[in-house]
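Peer 1: Here is a sequence together with a model predicted from it:
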Amino acid sequence: MGQEMTVAPQAVGDVAIFDTNRSITGQDGAAYTPVAGPAETPAGRPAGEDFGGQLAERLFAADPAIDHVFVQSNVATVRRSGGWDEAALQQAAGVVGRFFVFYDDQPPAGDPAGEEE
């Protein structure tokens, strides 16, 4: 369920911009940084309660070198210490592109439902 987004990544130094074909948030942008405790949005809600915060949490989990995410409308701007190589850029683009995919068509590896008898 859900649909993948088309993502056009561009990186310059430590910053990459992921331009998508769908809106992730409204026009009010929000910035996120990884923290030891629960992160909060500018509106004071826990970060995981809004789409921008959920996307940021997934990006932080996918790549520990990511230290800042700003999401506004259909664009995610992501800072990664040490810069971006092609593998890191494609990994982050995959996280962004699959953000609205809630169920995969294929069961996870090792799931008995996916094995033929």
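Peer 2: Yes, it's here. Numbering: from 1, shown residues only.

Peer 1: hey, let's count contacts and neighbours off CA atoms from now on
Peer 2: Fine.

Peer 1: what does the host helix or strand of Gly53 rub up against?
Peer 2: Here Gly53 sits within helix 51-62, counting by DSSP states H and E. Residues outside helix 51-62 that contact it (CA atoms under 8 Å, 6 or more residues apart in numbering): 24-25, 30, 32, 34, 41, 47-48, 66-67, 69-72, 91-92, 95-96, 99.

Peer 1: mean confidence for that helix?
Peer 2: Confidence for helix 51-62, expressed as mean pLDDT, is 92.

Peer 1: Tell me how far whichever helix or strand comes after that helix lies from the chain's centre.
Peer 2: Using DSSP H and E, the next helix or strand after helix 51-62 towards the C-terminus is strand 66-72. Centroid separation between strand 66-72 and its chain, computed with CA atoms, centre = their mean, to the nearest Å, is 9 Å.

Peer 1: Output whatever helix or strand comes next after strand 66-72 as CSV - backbone C-alpha positions only.
Peer 2: Downstream of strand 66-72, the next assigned helix or strand under DSSP H and E is strand 75-80. Only the C-alpha atoms of strand 75-80 are listed here, as CSV (Å, rounded to 0.1, in the frame of the first residue of the first chain):
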residue,chain,number,x,y,z
VAL,A,75,11.8,18.9,-0.7
ALA,A,76,14.0,17.4,1.9
THR,A,77,17.4,19.1,2.5
VAL,A,78,19.8,16.8,4.3
ARG,A,79,23.2,17.5,5.8
ARG,A,80,25.7,14.7,6.1
